[in-house]
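In: Sequence first, predicted coordinates after that:
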Amino acid sequence: MTELSRRTFLYGTGAAVGASALSTGTAVAFPTLPETSGHNVHRDIVRDARMEWRRLPQNWGDSPFLANGFLGVQVYAGRTPNELKLMLSHSEVQDQREHWEAAIGLSRLPIGYLTLAFAGAITAVDWTLDLWNAELTGTVTTTQGSAGFTMLVHNARSTFLATVKGDVTWGFQPLESATTRQIRRPANYTANPAPTLGTANGVSYAAQPLLAGGGYTTAWQTRDGRFAAHVTYTHPAETHTSDAIREVRQALAIPFEVLATQHRRWWNAYYSKSLVSVPDKLVQRFYWLQLYKMAAATRADAPVVTEWGPWFPEQGNSWTAVWWNLNVQISYPLVNGSNHHELDAVTTTLKRFEHNLELNVNPAYRDGNSYAICHPGDRTLRSGPRYCGVPGVAPNDHTGNLLWACHNVWLGYRHTMDQRILSDVLVPILTKAVNYYARFLVEGTDGKLHLPETRSPEYANSVDTTYDLSLIRWGVKTLLSIEENPRWRDVLTRLTPYAQDASGVRIGRDKALEDSHRHFSHLLWFYPLREMTWDMPEHRALITRTVDLWTSRRELWAGYSYGAASAMYSAMKRPEDALSFLRYFLERKQVGTNAVLTENSFYREGGNLAIESPLMSGQAVLEMMVQSHNDVVRVFPSVSSTWADASISSLRTQGAFLVDASRSGGRTDWVRVHSEAGAPLVLEHGITGDIDVRDDRGRRLDYKTRGSAIEIPLRRGQTAVVARRGTRPDVSARDVAANGSSSRWGLP
């Protein structure tokens, strides 16, 4: 496998991206860039979300972080009092020994860290991570004076760039090229060879070979107060050293301001694609920080996120690969509502590496029509010699992973209405994922189709596990919505219902929820699959019993449990509960027995970094602002009574609608909806009293009332503005006033 460089794959200069995750041909530009001076609401809101450091960070959990989906950098205290450590990592750098399971043989590998040494011992820092420009700037005060700096990971070049004013010395310390995972580590495991250090054309480098062929090289150079470092990975090709040296030389040949302007242009346009402003600035700043983190961690042409994103925590620990049993699936919904489909690496990963999906199926069941995803796996969907579980045969974990990942793809399709996603990715892969399950369904004496024992993730085994049944039901319903098929119709008609008791839906037929369970696997039918919803009054009692029981036992919860609970209560129109669960996590209270949101909005579980929990909470914010399941767009469906004001702009919904809206004085003032695809629009606008519905030129539009909603026949490219009758609202986005004080993230 020859790795493509980032610039040859999609982005070019980084000023434009594809309109969807599958756009690898025609590049579509981001919105027109805002003015760089004067009032700009997007810039002002994003800059307000900046992270600040007035104390020296000590590790990955409290440090600034930079990345572009590939190269990652974290900055914190070094080995000596006069040194900073800049941990380098790269989302492509992994081992290639497939004879061991992915977390060992295909493991992410540590690279090393840059050192920035000052003449004296560090006594103070004053740093700002400006999200708007994705740059870390500031000063370091030492016993011998001070130094100012600007640092960034260039968006298009995947090169770390820095300018430093002061007496400093740069260096690099490689780390051992070996998995840091100890679980099931084979006795005969050996590290990769030691790196080769050298200099070529004035560029220093550390070349790290892999036993499986290829390798990775870190190259760096200082010139006239400027510094550049680049990491290149190739397998099986051996060009990583020459490639890395070339990238450093090219970066330093271009004026820093030219590169910085190019870099800033991408990030400024990225943030300008949508807007969320609420009076709770802890929540608002956290939300924008997750959008920064998401674009730093992943892109459509980048690897799908591992547990660490592109960052490698220095001590490593256990989560060295891609976890597909929940972690990927809950990380990516945020890209849809926030209008950032250019970050959807799930869809592009499944399309690009579809040929590896059959390898995740036990060899006894490979028939050319069955797909699965095992976990852990690598960024190319390989799992090594481990296979997906077989229903009825222990161990039988992982069976639902691919179907849940397909739901991510389906959400991407529904939010863009891009038919290529449907035809090129979803239909062929979902069909084979459902095929794998269907072969194990057994007709019972009741005439229903039942599933042999499988595992409800991270809880227990059971026959007719709710987790698996809900995914099967969603899969066949989705395929039937695309094309009628007698086989899938029969499965849908005869698939056994979920087992229930007085407390609600059970884990499975022979297993109830008996104690704390961090995974919401037995609730997928409600969220995110939305098979039964609050809009269906006949299911409300069941939903309430099941959700309330799950949330009442939080002793063993993880961070993502709080985000999921918040999203579920938003879906149940219980906004105060939704905000309570969200704020518990954001206030950095202890989660479970040994987990917490860190000072820089990462998440620590034991000694491990996990990226998905904060991203899940970012999605929970969007669930308060807009929902669009069951073909109805709902505006401000779950806004707390403490949030009298709110403003949103260009939030994307199913049906490919872009929604703007404003709330003030505790009520919705206006809603604007732009249709990109001409899909039917049913809108719950939430405006009290009589309304006017006009297009963007002020002309009246026809509409029909449907209960609490209205139906507006919008054509593709058409916009509707709904407002209280007799008003002509200012439909500009705004940053609403704070309803209290809130400190910044970082170490302010």
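Out: Nice, I can see it. Numbers count the residues shown, from 1 in each chain.
In: now the strands: where do they sit in the stretch 401-550 of the chain?
Out: Assigned by DSSP state E, counting those that start in this stretch, the stretch 401-550 of the chain shows strands spanning 442-443, 449-450, 454-456, 460-462, 500-501, 504-505.
In: Which one of those strands lies nearest to Ala229?
Out: Nearest to Ala229, of all the strands of the stretch 401-550 of the chain, is strand 454-456, at 43.8 Å by Cβ to Cβ. Heads up, the C-betas are built off the backbone N, CA and C, glycines and all.
In: Neighbouring strands - and their directions - for that closest one?
Out: Using DSSP bridges, the strands paired with strand 454-456 are strand 460-462 (antiparallel).
In: Kindly provide the distance from the closest residue to Ile611 other than its chain neighbours to Asn356.
Out: Leaving aside its chain neighbours, Ile611 sits nearest to Gly309 (4.7 Å; criterion: Cβ to Cβ, 6 or more residues apart in numbering). Here Gly309 is placed at a distance of 22 Å from Asn356 (Cβ to Cβ, to the nearest Å).
In: more crowded one of those two?
Out: Gly309 (27 against 18; other Cβ atoms under 10 Å).
In: mind listing what that one touches?
Out: Ala67, Gly72, Ser91, Lys293, Ala296, Ala297, Thr298, Ile611 (Cβ atoms under 8 Å, 6 or more residues apart in numbering).
In: swap in Phe65?
Out: Gly72, Val73, Gln74, Val75, Leu129, Lys293, Ala296, Trp311, Asn600, Phe602.
In: if you look at the residues you listed, which of them are in helices?
Out: Among the contacts of Phe65, the ones falling in helices (DSSP state H) are Lys293, Ala296.
In: For Thr142, state which of the contacts of Phe65 is nearest.
Out: Nearest to Thr142 among those, with distances taken as Cβ to Cβ, is Val75, at 15.7 Å.
In: Highest neighbour count among the contacts of Gly309?
Out: Most surrounded of the contacts of Gly309: other Cβ under 10 Å gives Thr298, at 32 neighbours.
In: tell me the SS of Thr222?
Out: strand (DSSP: H, G, I helix; E, B strand; the rest coil).
In: distance of it from Ala237?
Out: 28 Å.
In: Ranking helices and strands of the chain by mean pLDDT, which lands last?
Out: Least confident element among the helices and strands of the chain, by mean pLDDT, DSSP states H and E: strand 16-17 (a mean of 34).
In: Now the phi/psi pair for the nearest residue to Gly337 once chain neighbours are set aside, please.
Out: What sits nearest to Gly337 in space, not counting adjacent residues and going by Cβ to Cβ, 6+ apart, is Leu622, at 4.0 Å. Taking degrees, to the nearest 10, you get phi -60, psi -30 for the backbone angles of Leu622.
In: Leu622 reaches Val335, doesn't it?
Out: No. Counting by Cβ atoms under 8 Å, Leu622 does not reach Val335; the two are 10.4 Å apart.
In: and those two? which has more neighbours close in?
Out: Val335 (29 against 23).
In: Domain map for the chain?
Out: 6-272, 633-724 (automatic domain parsing).
In: Nearest to Val463, out of those?
Out: Of those, nearest to Val463 by Cβ to Cβ is domain 6-272, at 27.7 Å.
In: more crowded one of Thr222 and Ala237?
Out: Legend: neighbour count by other Cβ under 10 Å for Thr222 and Ala237, higher for Thr222 (17 against 14).
In: how much space between that one and Ala117?
Out: 12 Å.
In: swap in Val626?
Out: 49 Å.
In: likewise Phe636?
Out: On the measure of Cβ to Cβ, Phe636 and Ala117 end up 52 Å apart.
In: can you pull the contacts of Gly607?
Out: Contacts of Gly607 (Cβ under 8 Å, 6+ apart): Gln315, Asn317.
In: how many neighbours does the closest residue to Ser272 other than its chain neighbours have?
Out: Using Cβ to Cβ, 6+ apart and skipping the chain neighbours, the partner closest in space to Ser272 is His42 (4.8 Å). Residues contacting His42 under the criterion other Cβ under 10 Å number 23.
In: in what helix or strand does His42 lie?
Out: Secondary-structure element containing His42, defined by DSSP states H and E: helix 41-48.
In: Just give me how far that helix sits from the chain centre.
Out: A distance of 22 Å separates the centroid of the chain from that of helix 41-48, by Cα atoms, centre = their mean, to the nearest Å.
In: Okay, now the sheet partners of the following helix or strand past it, with direction.
Out: Per DSSP H and E, the first helix or strand lying C-terminal to helix 41-48 is strand 51-53. Using DSSP bridges, the strands paired with strand 51-53 are strand 122-130 (antiparallel), strand 746-747 (parallel).
In: returning to what we had before: list the contacts of the residue nearest to Ser272.
Out: The contact partners of His42, by Cβ under 8 Å, 6+ apart, come to Pro34, Tyr271, Ser272, Leu275, Ala733.
In: would you turn those residues into JSON lines with distance to Val632, pLDDT and neighbour count?
Out: Below are those laid out as JSON lines (distance: Cβ to Cβ, whole Å; pLDDT from 0 to 100; neighbours: other Cβ atoms under 10 Å):
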{"residue": "Pro34", "distance to Val632": "32", "pLDDT": "44", "neighbour count": "16"}
{"residue": "Tyr271", "distance to Val632": "29", "pLDDT": "98", "neighbour count": "25"}
{"residue": "Ser272", "distance to Val632": "28", "pLDDT": "98", "neighbour count": "21"}
{"residue": "Leu275", "distance to Val632": "23", "pLDDT": "98", "neighbour count": "22"}
{"residue": "Ala733", "distance to Val632": "24", "pLDDT": "97", "neighbour count": "18"}
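In: In helices, which of those fall?
Out: Checking the contacts of His42 against DSSP H, those in helices are Tyr271.
In: Format the contacts of His42 as TSV; extra columns: distance to Ala102.
Out: Shown next, in TSV, are these (distance: Cβ to Cβ, whole Å):
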residue	distance to Ala102
Pro34	43
Tyr271	35
Ser272	38
Leu275	39
Ala733	44
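In: quick one: which of the contacts of His42 is nearest to Asp397?
Out: Of the contacts of His42, the one sitting nearest to Asp397 (Cβ to Cβ) turns out to be Tyr271, at 39.3 Å.
In: pretty sure the closest one is in contact with Val46, am I right?
Out: Yes. Tyr271 lies in contact with Val46 (Cβ under 8 Å); the separation is 4.9 Å.
In: Count the residues that sit near the residue nearest to Ser664 when sequence neighbours are not counted.
Out: Sequence neighbours aside, Asp645 is the residue nearest to Ser664 in space, at 5.0 Å (criterion: Cβ to Cβ, 6+ apart). Residues near Asp645, counting by other Cβ under 10 Å, number 20.
In: Tell me who's in contact with Asp645.
Out: Asp645 touches Val278, Pro279, Arg663, Ser664, Gly665, Val736, Ala737, counting by Cβ under 8 Å, 6+ apart.
In: Mind doing that once more with 6 Å?
Out: Pro279, Arg663, Ser664, Val736 (Cβ atoms under 6 Å, 6 or more residues apart in numbering).
In: Type out the PyMOL command that picks the buried ones from these.
Out: Selecting only the buried entries of the contacts of Asp645 in PyMOL, with 16 or more other Cβ atoms under 10 Å as the criterion:
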select buried, resi 279+663+736
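In: related to what we said a few turns ago, pLDDT score assigned to the residue nearest to Ser272?
Out: The per-residue pLDDT reported for His42 equals 98.
In: any idea how far it is from Tyr287?
Out: Taking Cβ to Cβ, one finds His42 at 13 Å from Tyr287.
In: Could you do Ser91 as well?
Out: 24 Å.
In: swap in Thr239?
Out: Following Cβ to Cβ, the distance that separates Thr239 from Tyr287 is 41 Å.
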